[in-house]
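Trainee: Let me see the structure of the following:
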Amino acid sequence: MRVIQGGGQRRQDEPLVSRDAVARVLMEAGVDLLLRRITPLRAAEIERKVDRVLDLFDRVDAAPLLMPVLQRHLDELEALMRETRQVRAPARRGG
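Mentor: Coordinates of the predicted model:
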């Protein structure tokens, strides 16, 4: 593990063009789940899509013809994250 500089601020609508950007989506979903801003069902869906995209990144390295498939899945993940950011409930305060 390494510390990523940025002061804890989320990047605004970062395009999903790399493995690192996709991994940050998974971390964002994990934080949202812990803070109860998203449901476990939505977090599981994000995790499933992230796993699929990361697998496709590996497959595209060996078979570049799969790039359109990867791009379609990246677009789907971006759409899911846009929707998630719009509808997630505010964090609950207090105990």
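Trainee: Which parts of this structure are helices?
Mentor: Secondary structure of the chain (DSSP state H): helices located at 19-34, 40-62, 67-87.
Trainee: Tell me which residues touch residue 14, please.
Mentor: Residues touching residue 14, when contacts are defined by CB atoms under 8 Å, 6 or more residues apart in numbering, comprise 21, 24. For glycine as for every other residue, the C-beta is placed from the backbone atoms N, C-alpha and C.
Trainee: switch to 6 Å and redo it
Mentor: For residue 14, the contact set (CB atoms under 6 Å, 6 or more residues apart in numbering) comprises residue 21.
Trainee: For residue 38, see how far away it is.
Mentor: Plainly put, residue 14 is 18 Å away from residue 38 if you go by CB to CB, to the nearest Å.
Trainee: Same question for residue 49.
Mentor: Taking CB to CB as the criterion, residue 49 is separated from residue 38 by 14 Å.
Trainee: As CSV, the helices of the chain with mean neighbour count would be great.
Mentor: Formatted as CSV, the entries for these read as follows, by neighbours: other CB atoms under 10 Å:
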stretch, mean neighbour count
helix 19-34, 16
helix 40-62, 15
helix 67-87, 14
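Trainee: Redo those as CSV? Include mean pLDDT and distance to residue 2.
Mentor: Supplementary listing: those in CSV, determined by pLDDT from 0 to 100; distance: least, CB to CB, whole Å:
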stretch, mean pLDDT, distance to residue 2
helix 19-34, 95, 11
helix 40-62, 97, 19
helix 67-87, 95, 23
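Trainee: right, so of the ones you listed, which gets closest to residue 1?
Mentor: With CB to CB, the closest approach to residue 1 among the helices of the chain belongs to helix 19-34: 11.4 Å.
Trainee: May I have that closest one as PDB, with CA atoms only?
Mentor: Extracted as PDB, the C-alpha positions of helix 19-34 are listed here (Å, rounded to 0.1, in the frame of the first residue of the first chain):
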ATOM      1  CA  ARG A  19      -6.800   0.500 -13.900                       C
ATOM      2  CA  ASP A  20      -6.000   3.000 -11.200                       C
ATOM      3  CA  ALA A  21      -9.100   5.100 -12.000                       C
ATOM      4  CA  VAL A  22     -11.200   1.900 -11.800                       C
ATOM      5  CA  ALA A  23      -9.600   0.900  -8.500                       C
ATOM      6  CA  ARG A  24     -10.400   4.300  -7.100                       C
ATOM      7  CA  VAL A  25     -14.100   3.700  -8.000                       C
ATOM      8  CA  LEU A  26     -14.000   0.600  -5.900                       C
ATOM      9  CA  MET A  27     -12.500   2.500  -3.000                       C
ATOM     10  CA  GLU A  28     -15.100   5.200  -3.300                       C
ATOM     11  CA  ALA A  29     -17.800   2.700  -3.200                       C
ATOM     12  CA  GLY A  30     -16.300   1.000  -0.100                       C
ATOM     13  CA  VAL A  31     -16.200   4.300   1.700                       C
ATOM     14  CA  ASP A  32     -19.800   5.100   0.700                       C
ATOM     15  CA  LEU A  33     -20.900   1.700   1.900                       C
ATOM     16  CA  LEU A  34     -19.100   2.200   5.300                       C
END
